[in-house]
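Asker: mind folding the following:
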Amino acid sequence: MKRLMYVLLFVLLAGTVYAQQAKYVFYFIGDGMGVNQVNGTEMYLAEQEGRIGVKPLLFTTFPVAGMATTFSATNSVTDSSAAGTALATGAKTYNGAIGMDDDKNVLQTVAEKAKKAGKKVGVTTSVSVDHATPAAFYAHQPNRNMYYEIALDLPKAGFDFYAGGGFLKPTTTADKQEAPSIFPIIEEAGYTIARGLDEYKAKAGDAKKMVLIQKEGAEPSCLPYAIDRQEGDLTLAEITESAISFLTKGNKKGFFLMVEGGKIDWACHGNDPATAFEEVIDMDNAIKVAYEFYKKHPKETLIVVTADHETGGIGLGTSKYELHLKSLMNQKQSQDLLSRSITDLRKMRKVINWEEIKDFLGEKMGFWKELPVTWEQEKMLRDAYEESFVNKHVVFEESLYAKTEPLAVAAKKVMSQIAMVGWTSGNHTAGYVPVFAVGAGSKLFMGKMDNTEIPKRIAKAAGYK
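Answerer: Predicted coordinates:
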């Protein structure tokens, strides 16, 4: 009788362990999303409602919260490829490496472990499919700029679903040689390529493996910023929804899905707070899609949300004990689109007077109309106008992902000053990044950890070997 009781207890415990294992894993990575990007977004949302405090994003309400260090093997400040590799493989490497260690040996990724365990696997992003973070999950190359070679690794990995803006170098090798287009190579490996959501819906039913990118003619490097989005633009939430539907089709073994909100980083490289906060909100909207799935499978689903590093050294408050984040609501478009509008304005007319520029900036940024501008701030804007429009001396500011008109540079600085948001850098910093989790195995992500621990803990929660 006692032996029978022990057997029953063992079966019960084994069943409990199995029930707690994550059959479905969502791994969200906000590129460049440090602690203050998250906190700033929540305070920005609260100020929109006319109050001081925070309006929580969905993912910050998850029951488990922690923080992670992000240094690479070669520097305290990481780049996205080394950080992506750490988040994908659990190993530190040099800045620039994709899925390889310091000695350029191939590292196994958590996505590859999931595939080996019989799960369906998806790798998705709001930037290009061959960009550093998504690449770190499926590719193994010594340099992140080897976009063509990274794309060739995509079918080799054999994952089930990829999605993003497009591909950066579909016909050009790293040594700038013309090469066969990667699209037929990917198709010959058994993938269906869908350009846009409508095409995806038409093709998904018969497809065995899928690559979803934007419509023909769209910018392949990324989806549009959320603040610039037009009707019909592909969104990260739609990509997440499409990935779930595809990975669950005829699948009883579960899945692993990585989703990157890649343009938080881009906006912070440009020190553009309104655009950055809207990108955090946009990733939260994608997380909401995953959370709806979690609510249907709460005992079998794990959602982990983190970042690869912080970008911009964003500070919430400058000089005075004040923040005026509500002022950011008056910004109608990203700094990138504002810059293009200014270029178009110059091309259209030979002579544009200062009052016309004031009206233009009033419409686009709310200056003078909705937001008071100090004498010093107006001088900054007028000096940029005089230099670039009157003297015809146009020197673009270059950040990692943008070249910006001098007047747009002045406008973003004025907007940050009005909102009282500070920036220490146009690049990455070594700040902590947040970690949030909910679901099966989520308690593994509590407290302080290094970024290399995150994929190891995901593998443990999901039972990957």
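Asker: use CA for all of it now, contacts and neighbours both
Answerer: Will do.
Asker: now for the helix or strand encompassing Glu378, which elements pack on it?
Answerer: Using DSSP states H and E, Glu378 sits within helix 375-385. Packing contacts for helix 375-385, counted by 3 or more Cα pairs under 8 Å, 6 or more residues apart in numbering; DSSP states H and E, involve helix 354-365, helix 406-419.
Asker: now those in CSV, with mean pLDDT?
Answerer: Below are the helices and strands packed on helix 375-385 laid out as CSV (pLDDT from 0 to 100):
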stretch, mean pLDDT
helix 354-365, 97
helix 406-419, 97
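Asker: for the ones you listed, which one sits closest to His131?
Answerer: Nearest to His131, of all the helices and strands packed on helix 375-385, is helix 406-419, at 26.0 Å by Cα to Cα.
Asker: could you look up the next helix or strand downstream of that closest one?
Answerer: Once the chain leaves helix 406-419, the next helix or strand it forms, by DSSP H and E, is strand 421-423.
Asker: need the pLDDT of Ser319.
Answerer: On pLDDT, Ser319 comes in at 82.
Asker: do the same with Lys347
Answerer: At Lys347, the predicted lDDT confidence score is 86.
Asker: what about it, which SS state?
Answerer: helix (DSSP: H, G, I helix; E, B strand; the rest coil).
Asker: number of nearby residues for it?
Answerer: Using other Cα atoms under 10 Å, the number of residues around Lys347 comes to 10.
Asker: state the distance from it to Phe396.
Answerer: Spatial separation of Lys347 from Phe396 under the definition Cα to Cα, to the nearest Å is 16 Å.
Asker: check Pro155 too.
Answerer: For Pro155, the distance to Phe396 - Cα to Cα - is 39 Å.
Asker: before we move on, the earlier item: next SSE downstream of the helix holding Glu378?
Answerer: As assigned by DSSP H and E, the chain's next helix or strand after helix 375-385 is strand 397-398.
Asker: could you point out which element follows that next one?
Answerer: Assignment by DSSP H and E places the next element after strand 397-398 at strand 403-404.
Asker: adjacent strands (with direction) for that next one?
Answerer: Neighbouring strands of strand 403-404 in its sheet, by DSSP bridges, are strand 397-398 (antiparallel).
Asker: ok, and what's touching the strand it pairs with?
Answerer: Contacts to strand 397-398, defined as Cα atoms under 8 Å, 6 or more residues apart in numbering, come from residues Lys403, Thr404, Glu405, Pro406, Val409.
Asker: can you check stretch 98-116 too?
Answerer: Outside stretch 98-116, the residues within contact range by Cα under 8 Å, 6+ apart are 73, 81-82, 84-85, 88-94, 97, 120-121, 132, 135-144, 157, 159, 255-256, 455-456, 458-459, 464-465.
Asker: for that stretch, which positions count as buried?
Answerer: Using 16 or more other Cα atoms under 10 Å as the test for burial, stretch 98-116 gives 98-101, 104, 106-115.
Asker: how about the strands of the stretch 101-250 of the chain, start to end?
Answerer: 120-125, 161-163, 191-195, 209-213 (DSSP state E, counting those that start in this stretch).
Asker: now the helix holding Glu378 against helix 354-365, angle please.
Answerer: With axes from the mean of the first three to the mean of the last three Cα atoms, to 10 degrees applied, the angle from helix 375-385 to helix 354-365 works out at 110 degrees.
Asker: what's helix 375-385 in contact with?
Answerer: Trp354, Ile357, Pro406, Leu407, Ala410, Ala411, Val414.
Asker: please redo it, this time with the cut-off set to 7 Å
Answerer: Pro406, Leu407, Ala410, Ala411, Val414 (Cα atoms under 7 Å, 6 or more residues apart in numbering).
Asker: start and end of stretch 26-35, how far apart?
Answerer: 20 Å.
Asker: can I assume Ser81 sits in a helix?
Answerer: Yes: under three-state DSSP, Ser81 sits within a helix.
Asker: neighbours of it, just the number please.
Answerer: With other Cα under 10 Å as criterion, Ser81 counts 28.
Asker: same thing with Ala117?
Answerer: Using other Cα under 10 Å, Ala117 has 16 neighbouring residues.
Asker: ok, and the closest non-adjacent residue to it?
Answerer: What sits nearest to Ala117 in space, not counting adjacent residues and going by Cα to Cα, 6 or more residues apart in numbering, is Tyr464, at 6.0 Å.
Asker: quick one on the thing from earlier: which ChimeraX command selects the buried ones in the contacts of stretch 98-116?
Answerer: Burial among these is assessed by 16+ other Cα under 10 Å; the matching ChimeraX selection reads:
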select :73,81,82,84,85,88,89,90,91,92,93,94,97,120,121,132,135,136,137,138,139,140,141,142,143,144,157,159,255,256,455,456,458,459,464
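Asker: mind checking which of the contacts of stretch 98-116 are in helices?
Answerer: Judged by DSSP state H, helices contain the following of these: 81-82, 84-85, 88-89, 132, 135-138, 157, 455-456, 458-459.
Asker: contacting residues around the most centrally placed residue in the chain?
Answerer: Most central in the chain under Cα atoms, centre = their mean is Gly261, positioned 1.9 Å from the mean C-alpha point. If you count contacts by Cα under 7 Å, 6+ apart, Gly261 has them with Ile29, Gly30, Asp31, Thr125, Ser126, Met283.
Asker: most neighbours, which of those?
Answerer: For those, the largest number of neighbours (other Cα under 10 Å) sits with Thr125, at 32 neighbours.
Asker: state the pLDDT value of Met5.
Answerer: 49.
Asker: ok, now which ones touch the nearest residue to Gly84 once chain neighbours are set aside?
Answerer: What sits nearest to Gly84 in space, not counting adjacent residues and going by Cα to Cα, 6+ apart, is Thr133, at 4.7 Å. Counting by Cα under 7 Å, 6+ apart, Thr133 makes contact with Ser80, Ser81, Gly84.
Asker: please report the distance of the second one from Ala91.
Answerer: Translated: Ser81. Distance from Ser81 to Ala91, by Cα to Cα: 12 Å.
Asker: ok, now the first one?
Answerer: Per Cα to Cα, Ser80 is found 14 Å from Ala91.
Asker: ok, now the last one?
Answerer: Between Gly84 and Ala91 the distance, using Cα to Cα, works out to 10 Å.
Asker: that older thread, my guess is the residue nearest to Ala117 meets Gly118, correct?
Answerer: No: using Cα atoms under 7 Å, Tyr464 makes no contact with Gly118, being 9.4 Å away.
Asker: could you say what helices and strands whichever helix or strand Thr41 is part of packs with?
Answerer: Here Thr41 sits within helix 35-48, counting by DSSP H and E. With contacts defined as 3 or more Cα pairs under 7 Å, 6 or more residues apart in numbering; DSSP states H and E, helix 35-48 has these neighbours: helix 273-296.
Asker: just give me how far the helix it packs on sits from the chain centre.
Answerer: Put simply, helix 273-296 sits 11 Å off its chain's centre (Cα atoms, centre = their mean, to the nearest Å).
Asker: just stretch 169-178 next, same as before
Answerer: Stretch 169-178 has its average C-alpha position 25 Å from the chain's average C-alpha position, going by Cα atoms, centre = their mean.
Asker: which residues touch Ala22?
Answerer: Glu300, Thr301, Leu302, Ala440, Gly441, Ala461, Ala462.
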